[in-house]
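Engineer: got a sequence here, can you build the structure:
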Amino acid sequence: MPSVFYGAPHLKMTKDFLQLSRRSFLQKSGLLAAGMAMSHSAVRKLTAPTLPMLDMNALAKFVDPLPIPKIALPDGTRSHPENPASQVPYYRITMRQLETAVHRDVKPTRMWCFGDSMPGPTFETRSGQAVLVEWENQLPVQHFLPIDHTIHGAETSKPDVRAVTHLHGAKAPAGSDGYPEDWYVPGKSKLYFYPNQQDAAMLWYHDHTIGITRLNMYAGLFGAFLVRDEFEDGLNLPKGKYELPLILCDRSFDRDGQLFYPVSPDPKAPWVPEVFGDGILANGKLFPFLEVEPRKYRFRVLNAANGRFFRLTLSNGQEFHQIGTDLGLLPTPVLLKNLLIAPGERADLVVDFSQHGGENIVLNNDTLTVMQFRVSKSAVQDDSRLPSALRPVPKLAEADAVKTRILTLGEADDMQGNPTTMLLNNAHWDMPVTENPKLGSTEIWNLLNFTDDSHPIHLHMVRFQILDRRSFEPEAYYHGGKIQYIGDPIPPAANEAGWKDTVQAHPGMVTRIIARFDGFPGRYIWHCHILEHEDNEMMRPYDIVP
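Structural biologist: Purely as a prediction, here's the structure:
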């Protein structure tokens, strides 16, 4: 079927091929509308569910306590890969199929999990303390979600069930990064080395298998990985039972409580460009509650959804503080009334319940309910602090950049406006590598978004800072290959002014990031973290050159 591509200046383009009112829409909507994570969902066709669906509105709310994932425990020690004379903790984590209760009144749901829960166990590690993790695949040999064999990497010649684990946010050797083509089948395992030579932060681990990441993740293959350090310890932030992971994702279920994953009307090509569930799981539960004391709590929030951006608010209008982002603490706490967090991003929050004893406070995502906090009435002593200054974040100087790259985010649509392929820099996964920064060098990447979606772009292995975002004229780039700005630069929001590994690249804007490629040489990847996008070509390898 004929298609039109948004994002390649050398293709023959006319205004007739541009989406209706694209320019005026982008100019009028600007950053605010972009932050709403606009999508094509209004015109993208999905096959109607063939089974009766679970009615979220009919479920009783706040009847299940919020589960807290177990802490992963080491299975002994092994020799350090770089220093065999020393020993490091060794973990063995198994991927398996389980039935898990997402709600008191819903039948057990088949899911794929790390360990014995969804999300998987939480790692507690220390900066500078290396660990070895053996990721074992004991999944069934047949997938229970719809594979699209027309997608690169998911051909019929490949086994249905494959897995490979990526530690998102880790500064790790390339051989332990979880490269999408390094998958392995049930009955096999891989041993990965994580040096943990990085600041305290919330990382997370998840499946990253080429062509089926969206399915393996939807099935439940993810968990949290915390790195601690002495600097963070000295801040006296809420800790112990007052520091909790809050891992969010959205899912749909049929009436029997089984996961429902939507498909296109074409049975030979079931891929759909985005997936949005009508129920939100918090640590694996629908509408859970958490009993809290009237004091400060620290919540380590992760958006593990396939495609949904969460905009989180508290029902009483209460403000809260964000103290950290993807890869560590912010310079100072940022006071918020709502938090917009994209797939793959993390937010470190402090919520003070001290003035709300006896209240029931609901955490909402726009019109969807997430969970409830039940604040006890009795006053308690709170020795934790919310410091006015957190961790300095030295700015990377633009003058130190040895290269500036122009990288486009685009898509191919059919003549009905339905996406068929998502591309980075007009290149498919298996085309030659074009991004090859030198180890230790600093680069600026300009991400030009020609689509109507906000794309969370993730770079493996490195951390970066956001410089700014700026509206531009797509047509000028289509025809001349030059960036024509139509607005002033917009600096990152205060809660983005830290170390990042995932950035929201908004439609009609140039998003500039600056990174120093420290760490390890080798082949890594960068991609959109909307999983349906990355599975359908919006993912590219890049080489860090010695």
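
Engineer: quick one, longest strand in this structure?
Structural biologist: What stands out as the longest strand in the chain, according to DSSP state E, is strand 83-100.

Engineer: can you give me the buried ones in that strand?
Structural biologist: Going by neighbour count (16 or more other C-beta atoms under 10 Å), the buried part of strand 83-100 is 88, 89, 90, 91, 93, 94, 95, 96, 97, 100. Every residue, glycine included, has its C-beta placed from N, CA and C.

Engineer: would you list those residues in TSV and tack on distance to residue 456?
Structural biologist: Listed next are the buried residues of strand 83-100 as TSV, based on distance: C-beta to C-beta, whole Å:
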residue	distance to residue 456
88	32
89	31
90	33
91	28
93	26
94	29
95	24
96	29
97	29
100	27
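
Engineer: coming back round to it: by contact count, what packs against the longest strand of the chain?
Structural biologist: Contact analysis of strand 83-100 by 3 or more C-beta pairs under 8 Å, 6 or more residues apart in numbering; DSSP states H and E lists strand 77-80, strand 109-114, strand 131-137 as its packing neighbours.

Engineer: winner for burial among those?
Structural biologist: Among these, strand 109-114 has the highest mean neighbour count (mean count of other C-beta atoms under 10 Å), at a mean of 22.

Engineer: what's the spacing between that one and its chain's center?
Structural biologist: Remark: strand 109-114 is offset 19 Å from the chain centroid, using C-alpha atoms, centre = their mean, to the nearest Å.

Engineer: do the same with stretch 501-511
Structural biologist: Using C-alpha atoms, centre = their mean, the distance from the centre of stretch 501-511 to the centre of the chain it belongs to is 14 Å.

Engineer: quick one: average confidence on that stretch?
Structural biologist: pLDDT averaged over stretch 501-511 equals 98, rounded to a whole number.

Engineer: ditto for stretch 382-397
Structural biologist: For stretch 382-397, the mean confidence score works out to 97.

Engineer: give me the phi and psi for residue 400.
Structural biologist: The phi and psi torsions at residue 400 (degrees, to the nearest 10) take the values phi -80, psi -10.

Engineer: start at 477, not 1
Structural biologist: Okay, residue one is now 477; in that scheme the one you just asked about reads as residue 876.

Engineer: one step back: closest to residue 541 out of the helices and strands packed on strand 559-576?
Structural biologist: Each of these has some distance to residue 541 by C-beta to C-beta; the shortest is strand 585-590, at 17.7 Å.

Engineer: tell me which other helices or strands that closest one touches.
Structural biologist: Secondary structure elements in contact with strand 585-590, counted by 3+ C-beta pairs under 8 Å, 6+ apart, are strand 559-576, helix 689-695, strand 735-736.

Engineer: quick one: closest of these to residue 704.
Structural biologist: Among the helices and strands packed on strand 585-590, the nearest to residue 704 by C-beta to C-beta is strand 559-576 (13.8 Å).

Engineer: that closest one to strand 607-613, inter-axis angle?
Structural biologist: 40 degrees (axes from the mean of the first three to the mean of the last three C-alpha atoms, to 10 degrees).

Engineer: list the strands paired with strand 559-576, with their directions.
Structural biologist: Strand pairing for strand 559-576, using DSSP bridges, gives strand 553-556 (antiparallel), strand 585-590 (antiparallel), strand 607-613 (parallel).

Engineer: ok, the closest residue in space to residue 903 that isn't next to it in sequence to residue 740 distance?
Structural biologist: Among residues not flanking residue 903 along the chain, residue 1016 sits closest, at 6.1 Å (C-beta to C-beta, 6 or more residues apart in numbering). Computed with C-beta to C-beta, to the nearest Å, the distance linking residue 1016 and residue 740 is 24 Å.

Engineer: strands of the stretch 777-926 of the chain, residue ranges please.
Structural biologist: Shown for the stretch 777-926 of the chain, the strands assigned by DSSP state E, counting those that start in this stretch span residues 786-790, 796-801, 804-812, 815-817, 822-828, 836-841, 844-851, 877-890, 895-900, 918-925.
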